[in-house]
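**Student:** Output the structure for:
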Amino acid sequence: MNVHDSERMAGLLTAEGGNPVSEPAAADIILVNTCTIRDKADQKALSDLGRIRQVRKEGPGTILAVTGCMAQREGEEIFRLVPDVDLILGPSQIRNLIPLLDAASTSRACVDGTLWPVPEMTTPPAIRPPGVTAFVTVQEGCDKACAYCVVPATRGAERSRPVTDIVREVENLVSSGFREITLLGQNVNGYGQKGDTAGASFPELLQRLSDIPGLLRLRFTTSHPMDMSEDLIDVMATSSRVMPHLHLPVQSGSDRMLERMQRGYSLDDYRRWIEKLRKKVPEAALTTDLIVGFCGETEEDFEKTLAAVEEFRFDGAFAFIYSPRPSTPAHSWEDVPPREMSVERLERLQKKVEQQAMERNQSLVGSRVEILTEKWDPETRTAVGRTPQFQTVRALVAPERPDPSPGDLLWVTITQGARAGLKGNAVSHA
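**Tutor:** Okay, here's the model as predicted:
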């Protein structure tokens, strides 16, 4: 989501005649777009700001702005931490970026980033890097109020873009050469459920987009187990353009932890959705998010998480140590496990996830997969792309075979499976 927010801000600046530069010292305007999901993200942003302070161009008209979720949460505190900052604005103010920058050229400002009432769901024009894949925001905000999560405080309540706006944007992207679209939202499968102007449910949106000529692949992230539906699984099963990959965060294998996290479901609830998915879409890849070291986690709770990883055989997982965040219910809870214990648990968990990834990828040796070519290197005759299940493949193309171009579909025979991806030989264009 933050990557696409940066693309949107770049689009606004370019429309006003701005040109990107490669070094902060050459820039008249520097935007530091921040994340605040964990303390590590805050520290990285502050480190980047400290580095930029030392190299930024001197003189009037040079603006240093902090945007994103850390800006939304910290507000004017950033002025104290980094006195050189001229402008602070949260995600809900992106649409007002240009007039805010104009005002900041004469006086520093922290824009009131209030999320109430809920800001209108708008998406400014985006400047995307060259390629065949693109992000499209369809939903923002989250109403789930998980005990550890700062998103409701930084992104606000759930709201959805009108389906007609999304269809128009995707049609324009396809006509510009993009072949794969990833739909973004903090709770993307909650699209259209809040009585807003969406005009469709999320499965209906996927079906509408699947009918756009020239679009080869559709993906979406991130989903919440509480908003899963039979209709969504049916669309994944029946539409050849909706890719068989579901990122569905489970966070813990312990019902006690899930209740403390205020996730709103049990492991059995999660299990039922995975069983339905794998019954109707047996080729589907399943990825997830996992938290270790949450408040009150015992060794028994952690062992249940390991057991869940073993049971569900995730194709990939983002695993992290719990990081207390201000403005969350759990921030004041004092029963956080010792850091060294959480580090040890994370290492055990990541080892198990990586082992499963290696086993899965090695099991594909000898099989044939389809990839969407994203990069082509004529010197090494190597095409890089992803399978429908989102696995990265590096494919050698024999000299006698035609050169592929980005956007081409290739059939590849897998010759090697590693933890981080696959290698193979291109067989033919799909």
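
**Student:** Name the single longest helix found in this protein.
**Tutor:** Looking across the chain with DSSP state H, the single longest helix is helix 339-363.

**Student:** Please list the residues outside that one that contact it.
**Tutor:** Outside helix 339-363, the residues that touch it by CB atoms under 8 Å, 6 or more residues apart in numbering are 290, 292-293, 297, 302, 305-306, 309-310, 313-317, 319-322, 391, 417-419, 421-422. (Each C-beta comes from the backbone N, C-alpha and C, glycine too.)

**Student:** and the lowest-mean-pLDDT helix or strand in the chain, which strands flank it?
**Tutor:** Least confident helix or strand, the chain: strand 109-110 with a mean of 76, by mean pLDDT, DSSP states H and E. Using DSSP bridges, the strands paired with strand 109-110 are strand 87-89 (parallel).

**Student:** For the strand it pairs with, buried residues please.
**Tutor:** 87-89 (16 or more other CB atoms under 10 Å).

**Student:** Tabulate the residues you listed in JSON lines, adding columns for pLDDT and distance to residue 70.
**Tutor:** What follows is the buried residues of strand 87-89, written out as JSON lines (pLDDT from 0 to 100; distance: CB to CB, whole Å):
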{"residue": "87", "pLDDT": "92", "distance to residue 70": "14"}
{"residue": "88", "pLDDT": "92", "distance to residue 70": "9"}
{"residue": "89", "pLDDT": "89", "distance to residue 70": "11"}
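
**Student:** picking up where we left off before, export the helix or strand following the least confident helix or strand of the chain as CSV, just CAs?
**Tutor:** Downstream of strand 109-110, the first helix or strand assigned by DSSP states H and E is strand 133-137. What follows is strand 133-137, C-alpha atoms only, in CSV (Å, rounded to 0.1, in the frame of the first residue of the first chain):
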residue,chain,number,x,y,z
THR,A,133,2.4,-5.3,-13.3
ALA,A,134,0.7,-2.5,-11.4
PHE,A,135,-1.1,-1.9,-8.1
VAL,A,136,-4.6,-0.5,-7.8
THR,A,137,-6.1,0.6,-4.5
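
**Student:** let's have the chain start at 59 instead
**Tutor:** With 59 as the first residue, the last one maps to strand 191-195.

**Student:** ok, strand 191-195: who's next to it in the sheet?
**Tutor:** Checking strand 191-195 against DSSP bridges gives partners strand 238-242 (parallel).

**Student:** How about residues contacting the strand it pairs with?
**Tutor:** Residues from elsewhere that reach strand 238-242, judged by CB under 8 Å, 6+ apart: 59, 62, 190-197, 224, 228, 231-232, 263-264, 267, 273-279, 430.

**Student:** so where is this structure shaky, pLDDT-wise?
**Tutor:** Along the chain, segments meeting pLDDT under 70 span 115-119, 170-183, 253-254.

**Student:** Can you give me the domain boundaries for the chain?
**Tutor:** As assigned by automatic domain parsing, the chain contains the domains 60-168, 191-421, 426-487.

**Student:** Which among the ones you listed is found nearest to residue 184?
**Tutor:** Proximity to residue 184 (CB to CB) singles out domain 60-168 among the domains of the chain, at 4.0 Å.

**Student:** centre of the chain versus that closest one, how much separation?
**Tutor:** Taking the mean of its C-alpha atoms, domain 60-168 sits 21 Å from the chain's own mean (CA atoms, centre = their mean, to the nearest Å).

**Student:** residues touching residue 283, list them.
**Tutor:** Taking CB under 8 Å, 6+ apart, one finds 306-308, 321-323, 327-328, 331 in contact with residue 283.

**Student:** Work out which residue lies at the spatial centre of the protein.
**Tutor:** With distances taken as CA atoms, centre = their mean, residue 59 lies nearest the centre of the chain, 5.3 Å away.

**Student:** From what I see, that residue and residue 197 are in contact.
**Tutor:** No: contact between residue 59 and residue 197 fails when scored by CB atoms under 8 Å: they sit 10.0 Å apart.

**Student:** quick one: common contacting residues for these two?
**Tutor:** Common neighbours of residue 59 and residue 197 are listed as 242-244 (criterion: CB under 8 Å, 6+ apart).

**Student:** Any quick PyMOL command for the buried ones out of these?
**Tutor:** Selection of buried members from the shared contacts of residue 59 and residue 197 for PyMOL, criterion 16+ other CB under 10 Å:
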select buried, resi 242+243+244
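
**Student:** Which single one of the shared contacts of residue 59 and residue 197 is nearest to residue 464?
**Tutor:** Distance to residue 464, by CB to CB, is smallest for residue 242 among these, at 21.6 Å.

**Student:** who's the closest one bridged to?
**Tutor:** residue 195, residue 279.
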